[in-house]
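Novice: Quick one, what's the 3D model for this:
(chains A and B)
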Amino acid sequence: MSDLYPPVVLDHSRHPRNRRTISGCAHVATGENPACGDELRVFLALNDFETIDDIAFDGKSCAIATASASLMTEVLLGKTRVQARALFDRFYTIVTGGANAPDDGMEAEVQRLGALSALRDYPVREKCATLAWLAMLAALESADRRA
Amino acid sequence: MLDTGHTVTQSPVAESGSNGAALDVEAVRADFPILHRPVRGRPLVYLDTAASAQKPAQVIEAERSFYTAENANIHRGIYFLSQRATELYDAARRKVQKFLNARRVEEIVFARNATEGINLVAASFGEAYLKPGDEVVITGLEHHSNILPWQFLREKKGIVLKVARLNDRGEVPLDEFTRLLGPRTRLAAFAHVSNALGTVLPAAAMVRAAHRVGAKVLIDGSQSVVHLGADVQELDCDFLVFSGHKLYGPTGIGVLYGKEALLEAMPPYQGGGDMIASVTFEKTTLAPLPAKFEAGTPAIAQAVGLGAAIDYLTRVGLERIRVHEAQLLRYATGRLSEAKSVSIIGTAAEKASVISFVMEGIHPHDIGQVLDSQGIAIRVGHHCAQPVMARFDVPATARASFGLYTTAGEVDALVKALEMVETLFAG
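Specialist: Here you go, the predicted model:
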């Protein structure tokens, strides 16, 4: 069977974590892949220390995008804005098969995201894997504008 | 090496045509080299013929032998090869004429594909005949290529675009279409067969209705000529377009049929070589049809390849192919309907061998991905027909489409793989 759907990915796609909205949340962004008909909203709550206090997502997407979003919410909880951006870079490297990033003390998170590493052999699905992450980055930007 | 791994001996398709005239699928498959290559370590099951058909060796060989022994530019030299290339190009045009039963060979214009044919009509017919407030009627089933050119014209010339709605089966009821026709309707443009759902439209009746209000009619035959053929005199359409690559021919070649009087009256689409009689800086005299619409060196080898594809289909027999595909469609519809989580989108009374479907709780891209791991190629996505997806409130569908080389064994392989998909994602 396809290595694209290891047990961790299937589990997160069947039972997504943090699939909900955050009421009164200031930082929301929507990611869309019109060609797939996919749409995900990412909600972020940042505290005064620029740390992600709460994170959630909702919307409709394929198993890869859903699992990726679900995993993302788990690894980003409690991370700072800077760490979140750095983790996106690490994740992007994982799914595109780029060079390894230097050790930044987030190896445990990177290892969890490695569940999606087979994506490097399926470039056509890259946009599925990054959908929630790009929405998350946009949500962070919206926070920037508010500051 | 030729073992496809999918038995057809027990297939209802092979059995049903009990008279000697039934299509010999295995013989047909032997003509298609690509069907014998493995994909992801398994025999290829190619169920995406509606997107692009595979090519028989006869077509591949026609292009190869043109480049090997006959290549030169056409309508140029007085030397042997140029004359030979011109003859072959002209012969291909006559094959298309015969295939469409056009009155005159001048009515056959070669284009890059159906899309270019529609754009040609929108630009040229639109320029000559459409004024602000004039109406163009299309249907809710159209491929984007039969929507955008008319939207551009709406921007440019202020025409009004009207869209005939679909019913829940994915049909365009004739009265819904005729309801939109009126004194300002100048053109009706519609697909004879829907690429997304397979619906066959009542094209001849729609042409008659449009003609009654004095409108011209363009038929997008991209999906229909390969299943139903086309008789442009019987249909009485004013224009018909199709792409060579969906007819088991090469990419890069397509056809616009147009009634002679209309093509004569229409201005050229592009300017360049091959489409003029004489040029001075003061005045240019255009070449007669069809060269007027074929600026620049055309896709010569591809036209020759298209001619070979038409020869091939004629030899196999369009009626025989139609019967085979109808049997496959019936068989596949039945088998897919058995699967609990599968819903077929588009249940028109008349369909070509295209089945769009969705699975409860499973995204089409995941369906396509798992099928690919089994060597099965289907199309997933919006099929360049987003309004159809919106009408049925789905983001995308999975689509299996069948051609003359498709076997019932391949349908079985599809169903088996879908059971795998169900097991994998059932949560």
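Novice: So, low pLDDT: which residues of the chain?
Specialist: The chain I'm using is chain A. Along chain A, segments meeting pLDDT under 70 span A:1-2, A:100-102, A:143-147.
Novice: Oops, wrong one, chain B.
Specialist: Within chain B, the stretches with pLDDT under 70 are B:1-20, B:427.
Novice: State which one residue of it is found closest to chain A.
Specialist: With CB to the nearest CB as the measure, B:P395 is the residue of chain B nearest to chain A, at 2.1 Å. Any C-beta I mention is one placed from the backbone N, CA and C, and that applies to glycine too.
Novice: A:I52 should be in a strand, yeah?
Specialist: Yes. The assignment for A:I52 (DSSP: H, G, I helix; E, B strand; the rest coil) places it in a strand.
Novice: contacting residues for it?
Specialist: By CB atoms under 8 Å, 6 or more residues apart in numbering or on different chains, the contact list for A:I52 reads A:44-46, A:76-81, A:84.
Novice: now do A:L44
Specialist: So A:L44 contacts A:22, A:25, A:27-28, A:52, A:54-55, A:136, A:139-140, A:143 (CB under 8 Å, 6+ apart).
Novice: Please flag which of those sit within strands.
Specialist: Those of those mapping onto strands are A:27-28, A:52, A:54-55, per DSSP state E.
Novice: which among those residues gets closest to chain B?
Specialist: A:V28 (20.7 Å).
Novice: hang on, the closest one packs against A:L40?
Specialist: No. When contacts are counted by CB atoms under 8 Å, A:V28 is not listed as touching A:L40 (11.0 Å).
Novice: Among those two, which residue is more densely surrounded?
Specialist: More crowded of A:V28 and A:L40, by other CB atoms under 10 Å in any protein chain shown: A:L40, with 25 against 17.
Novice: List only those of the contacts of A:I52 flagged as buried.
Specialist: For the contacts of A:I52, a neighbour count by 16 or more other CB atoms under 10 Å in any protein chain shown gives the buried set as A:44-46, A:76, A:79, A:81, A:84.
Novice: okay if I get those as JSON lines plus secondary structure?
Specialist: JSON lines is the format used below for the buried ones among the contacts of A:I52 (three-state DSSP):
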{"residue": "A:L44", "secondary structure": "strand"}
{"residue": "A:A45", "secondary structure": "strand"}
{"residue": "A:L46", "secondary structure": "strand"}
{"residue": "A:L76", "secondary structure": "helix"}
{"residue": "A:K79", "secondary structure": "coil"}
{"residue": "A:R81", "secondary structure": "helix"}
{"residue": "A:A84", "secondary structure": "helix"}
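Novice: Can you tell me which of those residues is nearest B:E350?
Specialist: A:L44 (51.4 Å; CB to CB).
Novice: any idea how far that closest one lies from B:L418?
Specialist: According to CB to CB, to the nearest Å, A:L44 stands 38 Å off from B:L418.
Novice: returning to that earlier point: name all residues that make contact with the closest residue to the residue of chain B closest to chain A other than its chain neighbours.
Specialist: Nearest non-adjacent residue to B:P395, counting by CB to CB, 6 or more residues apart in numbering or on different chains: A:G37, 2.1 Å away. Contacts of A:G37 were listed using CB under 8 Å, 6+ apart, and they are A:60, B:382, B:389, B:394-396.
Novice: Return the nearest residue of chain A with respect to chain B.
Specialist: A:G37 (2.1 Å).
Novice: For that residue, give its distance to B:G334.
Specialist: Per CB to CB, A:G37 is found 28 Å from B:G334.
Novice: ok, now B:F425?
Specialist: Look at B:F425 and B:G334: by CB to CB, they are 24 Å apart.
Novice: Of those two, which one has the most company?
Specialist: Counted by other CB under 10 Å, B:F425 and B:G334 do not tie: B:F425 has more neighbours, with 22 against 11.
Novice: contacting residues around that one?
Specialist: Taking CB under 8 Å, 6+ apart, we find B:F425 in contact with A:10, A:13-14, A:63, B:361-362, B:366.
Novice: Quick check: residues of chain B near chain A?
Specialist: Contact residues (CB under 8 Å from any CB of the partner chain) of chain B with chain A: B:362-366, B:369-370, B:372-373, B:381-382, B:386, B:389, B:394-396, B:420, B:424-427.
Novice: for the closest residue to B:T285 other than its chain neighbours, helix, strand, or coil?
Specialist: The shortest distance from B:T285 to any non-neighbouring residue, by CB to CB, 6+ apart, is to B:A277 (4.2 Å). Using three-state DSSP, the structure places B:A277 in strand.
Novice: Enumerate every residue touching B:A277.
Specialist: Contacts of B:A277 (CB under 8 Å, 6+ apart): B:285-288.
Novice: Return the subset of these lying in strands.
Specialist: The strands, defined by DSSP E, take in B:285-286 from the contacts of B:A277.
Novice: Tabulate the contacts of B:A277 (JSON lines), appending distance to B:A111 and neighbour count.
Specialist: Converted to JSON lines, the contacts of B:A277 look like this (distance: CB to CB, whole Å; neighbours: other CB atoms under 10 Å in any protein chain shown):
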{"residue": "B:T285", "distance to B:A111": "23", "neighbour count": "10"}
{"residue": "B:L286", "distance to B:A111": "17", "neighbour count": "16"}
{"residue": "B:A287", "distance to B:A111": "16", "neighbour count": "19"}
{"residue": "B:P288", "distance to B:A111": "18", "neighbour count": "11"}
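Novice: Contact partners for B:V121?
Specialist: Contacts of B:V121 (CB under 8 Å, 6+ apart): B:149, B:189, B:218, B:239, B:241, B:256, B:258.
Novice: Just send those back as TSV, with distance to B:N113, secondary structure and neighbour count too.
Specialist: Listed next are the contacts of B:V121 as TSV, based on distance: CB to CB, whole Å; DSSP: H, G, I helix; E, B strand; the rest coil; neighbours: other CB atoms under 10 Å in any protein chain shown:
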residue	distance to B:N113	secondary structure	neighbour count
B:P149	13	helix	22
B:A189	16	strand	27
B:L218	15	strand	28
B:F239	15	strand	26
B:V241	8	strand	30
B:L256	10	strand	27
B:G258	16	strand	30
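Novice: Tell me the one of those nearest B:T178?
Specialist: The closest of the contacts of B:V121, once distances to B:T178 are taken by CB to CB, is B:A189, at 15.3 Å.
Novice: List the residues that contact that closest one.
Specialist: With contact set as CB under 8 Å, 6+ apart, B:A189 has these partners: B:118, B:121, B:136-138, B:142, B:146, B:150, B:217-220.
Novice: Chain neighbours aside, what residue packs nearest to it?
Specialist: B:L218 (4.2 Å).
Novice: My guess is that neighbour contacts B:L235. True?
Specialist: No. Under the contact definition of CB under 8 Å, B:L218 does not touch B:L235, with a separation of 11.3 Å.
Novice: ok so, going back, among the ones in strands among the contacts of A:L44, which two are most distant?
Specialist: A:V28 and A:I52 (13.6 Å).
Novice: residues near B:V59, how many?
Specialist: 28.
Novice: That one sits in which helix or strand?
Specialist: helix B:57-65 (DSSP states H and E).
Novice: For that helix, which outside residues touch it?
Specialist: With CB under 8 Å, 6+ apart, helix B:57-65 has contacts from B:31-33, B:248-250, B:301-302, B:304-305, B:307-309, B:311-312.
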